[in-house]
Each structure stands twice: as structure tokens, then as C-alpha cells.
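**Student:** okay, sequence plus prediction incoming.
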Amino acid sequence: MKSKIASLLMAGTVSLLAMQAHAADKLTLQLKWVTQAQFAGYYVAKDKGYYKEEGLDVDIKPGGPDIAPAQVLAGGGADVIVDWMPSALATREKGVPLVNIAQPFKHSGMMLTCLKESGVKTPADFKGKTLGVWFFGNEYPFLSWMAHLGIKSDGSADGVKVLKQGFNVDPLLQKQAACISTMTYNEYWQVIDAGIKPDQLITFPYEKEGVATLEDGLYVLEPKLKDPAFKEKMVKFVRASMKGWKWAEKNPDAAAGIVLDNDASGAQTEKHQKRMMSEVAKLTQGSNGALDDADYKRTVATLLGGGSDPVISKEPVGAYTHEITDAALK
């Protein structure tokens, strides 16, 4: 009899656990790029059970050169995406109603990295040079910066020639370009690892040049925010994600290890990911997840200041909301 009761209790426990597992809200996050420490906070939140504690079952989808997060979102392939604000605002103006619901990255990691031997000492020296630029939405901060400098990007004698840069550092290594696009946490170190010494380089961080725009924010489709259940799910997601980010800031090496555990490609190395996490922590530092109004206004002003060819043509309306972070931070 006791055996039968024990079996019934065990069956009941298994059934309850199954129901709880089934009850977890499924949510898909589309990353902007491949699995790396740039997205450590999300992998940490999943690994540490922060999402599970919120009743969420989060699927983190890596990005890549052929994946446009906004298109994935618009096509129903994700509930929330990581994107840069210049790209998101330009996409919104074109008709895809992206809305920023949180901003884990407080600072910009983007910069131009140049060979000193090319003769570039200041931004004025860009004229007449070939500059490597990422596209697929990543070109907007660069084009805006050139407009602010009054430098044409049409290849003219008093302008710059834009080399469509792949997501690598080859144009600099092969001296096809005087400068290339790099991130403080990634491509800059690829240049160093290739054998070029820091004193052979000069860098121009967008942050220091006064044209920094917001990167790596969380975006959803505006109509979805009319659904209270969806909004509640996003509140839980943002709360757990920021918990993951703050843990990653305090434990960078361990966070890098979690990222490596999730790298199905096997392409990442421990050295690179630890270094990346150390640099990424500088960019998320100071953010509690809420979009800072001053940072938003600076980004918009930079994008509007593009002369005859601005990134966005008018002040965005409804491009962000504090509702999610306000609820998440209670």
C-alpha cells in the first residue's frame, strides 16, 4: 500500500513539474551578431536561471552576416531583438515600427582604427583616404559623423572613399584602407592579435568625437505592446536580462566562460572572450536598463545632422517607451 501511495505521489510530482515546465512563457531573442561576450548578459540570465525564475523559457538565436534582426522580428521569427539605435530608427522611418524597450549598453564601443603610417592624425586627415565601413545598418553612425565633419563620402578628391568592409579587419592588414571600423571589444583586438602594435595605430572612438550613438538596445514591434500579456512578458525578460548583465559586469571571466559554453560554432577562444567581456563591461556600466533621455536625444540629433542626406529625416515619434523598464525596476 505504501509503495502504491509513494508511486502516486511521485507521479503527481512529475506531473506537477511537467505542468510548471509547460507553463513557462516561451520567448525568442534574436541577437545582432554571433554568440560572443557582446551578449553575455542574456546567456548569463539563462545559465543562472534568472529567466526561469521569471517563468520564462528564452531561446537565444545568434545572428550573423546574413541576418537582419529587424527583418526577423517583422517576420515573426523573434519576440525581441538586439539592435543599434541608428539602424532601428532608420528602419522605423521606413515603416517597420520598432520600439526601444530597454538600453543595456550605456556607452558606444565603435571607433575608426587607422594605421599611423597612412598619415591620419586627426579627423581632418580622413580627406582623400579610403575608410572601411560596415553596412547592413551599421553605416549610419559613420555617415552621420562624416556629415558633421563636412566630409563627403562619395570618393571625391576632398572627400573619402568608402570601402564596404566585411566583418573582419583584412582591409587594414592588407593596407587596402587607411582606417577601418572596429569595436573596442572585438575587431581592435583582432588587429593587435594579427601582429600590429598599439603604437602603430591611432583610434577615433565615436564616443570621444562627440558623435556616439546608442548601440545594443532591446526592440520589439510597437503593436505588440498593446497586449498586456506581452508587456508583462517583456517586463520579466528585461528584469532578468539586466540581472544577468550586472552579474556579468562583476564576474567578467566567469561570464565569458558561460558564453563559450553556449558557442555551438566552437569559433570563439577563451582569451578573446575574456578580453571582450572586460571591454563590454565598460559599455554596460552605469545602465540599469532604462533608456536615458539625454543619450536618446544625442543619438537623434547626431542622426538628423546629416546635411543633405541625414540618416533620419525627422524627429521620431513613439520610438521608445519607459513602461517596461519602469515596471521592471520597481
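**Tutor:** Happy to help now that I have it. Residues are numbered from 1 along each chain as shown.
**Student:** please name the nearest non-neighbouring residue to the residue positioned nearest the centre of the chain.
**Tutor:** Centroid-nearest residue in the chain, with C-alpha atoms, centre = their mean: Asp216, separated by 2.7 Å. With C-beta to C-beta, 6 or more residues apart in numbering as the criterion, Asp216 has its nearest non-adjacent residue at 4.0 Å, and that residue is Phe105. For glycine as for every other residue, the C-beta is placed from the backbone atoms N, C-alpha and C.
**Student:** okay, helices next: where are they in this protein?
**Tutor:** Listed in chain order, the helices of the chain (DSSP state H) span 2-23, 40-47, 50-53, 69-74, 85-93, 140-149, 170-173, 187-193, 206-209, 228-250, 252-261, 270-284, 293-304, 323-328.
**Student:** please identify the most buried of those.
**Tutor:** Comparing these by mean neighbour count (mean count of other C-beta atoms under 10 Å), helix 40-47 comes out on top with a mean of 26.
**Student:** so where's the chain uncertain?
**Tutor:** For the chain, the stretches flagged by pLDDT under 70 are 1-22, 306-308.
**Student:** still on that earlier bit, pretty sure the residue nearest to the centre of the chain contacts His107?
**Tutor:** No. Asp216 lies out of contact with His107 (C-beta atoms under 8 Å); the separation is 10.2 Å.
**Student:** give me the common contacts of the two.
**Tutor:** Counting by C-beta atoms under 8 Å, 6 or more residues apart in numbering, the contacts common to Asp216 and His107 are Leu283.
**Student:** quick one on the thing from earlier: format the helices of the chain as TSV; extra columns: distance to Pro62.
**Tutor:** Compiled in TSV, these are given as follows (distance: least, C-beta to C-beta, whole Å):
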stretch	distance to Pro62
helix 2-23	24
helix 40-47	10
helix 50-53	17
helix 69-74	11
helix 85-93	18
helix 140-149	23
helix 170-173	22
helix 187-193	18
helix 206-209	25
helix 228-250	16
helix 252-261	11
helix 270-284	14
helix 293-304	26
helix 323-328	24
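**Student:** show me what contacts the residue lying closest to Leu304 once chain neighbours are set aside?
**Tutor:** The spatial neighbour of Leu304 that comes closest, neighbours along the chain excluded (C-beta to C-beta, 6+ apart), is Pro310 at 5.4 Å. Neighbouring residues of Pro310 by C-beta under 8 Å, 6+ apart: 144, 147, 303-304.
**Student:** which among the residues you listed gets closest to Leu329?
**Tutor:** Sorting those by distance to Leu329 puts Leu303 at the head of the list, at 27.3 Å, by C-beta to C-beta.
**Student:** phi and psi next, for the nearest residue to that closest one once chain neighbours are set aside.
**Tutor:** Distance criterion C-beta to C-beta, 6+ apart; nearest residue to Leu303, sequence neighbours excluded, is Val311 at 4.1 Å. Note on Val311: backbone dihedrals following degrees, to the nearest 10 are phi -70, psi -40.
**Student:** quick check: the residue lying closest to Ala157 once chain neighbours are set aside vs Trp134, distance?
**Tutor:** What sits nearest to Ala157 in space, not counting adjacent residues and going by C-beta to C-beta, 6+ apart, is Gly128, at 6.5 Å. Separation of Gly128 from Trp134 (C-beta to C-beta, to the nearest Å) stands at 21 Å.
**Student:** who's more crowded, the two?
**Tutor:** Trp134 (20 against 15; other C-beta atoms under 10 Å).
**Student:** state the distance from the more buried one to Gly64.
**Tutor:** In terms of C-beta to C-beta, Trp134 sits 14 Å off from Gly64.
**Student:** cool, Asn251 as well?
**Tutor:** Distance from Asn251 to Gly64, by C-beta to C-beta: 27 Å.
**Student:** correct me, but Ala319 touches Val96?
**Tutor:** No. Between Ala319 and Val96 there is no contact under C-beta under 8 Å: 11.5 Å.
**Student:** next, the contact list for Lys48, please.
**Tutor:** 243-244, 247.
**Student:** what do you get if the cut-off is 7 Å, keeping everything else the same?
**Tutor:** For Lys48, the contact set (C-beta atoms under 7 Å, 6 or more residues apart in numbering) comprises 244, 247.
**Student:** cool, and Gly137?
**Tutor:** Gly137 neighbours (C-beta under 7 Å, 6+ apart): 84, 87, 90.
**Student:** tell me, how many residues neighbour Gly77?
**Tutor:** Other residues near Gly77 come to 14 when the count uses other C-beta under 10 Å.
**Student:** where does it fall, phi/psi-wise?
**Tutor:** Here is the backbone geometry of Gly77 (degrees, to the nearest 10): phi -90, psi 0.
**Student:** tell me the contacts of it?
**Tutor:** The neighbours of Gly77, taking C-beta under 7 Å, 6+ apart as the test, are Gln30.
**Student:** circling back to that earlier point, more neighbours: Ala319 and Val96, which one.
**Tutor:** Between Ala319 and Val96, Ala319 has the larger neighbour count (other C-beta under 10 Å), namely 21 against 16.
**Student:** so what's that one up against?
**Tutor:** Ala319 makes contact with 89, 92, 99-100, according to C-beta under 7 Å, 6+ apart.
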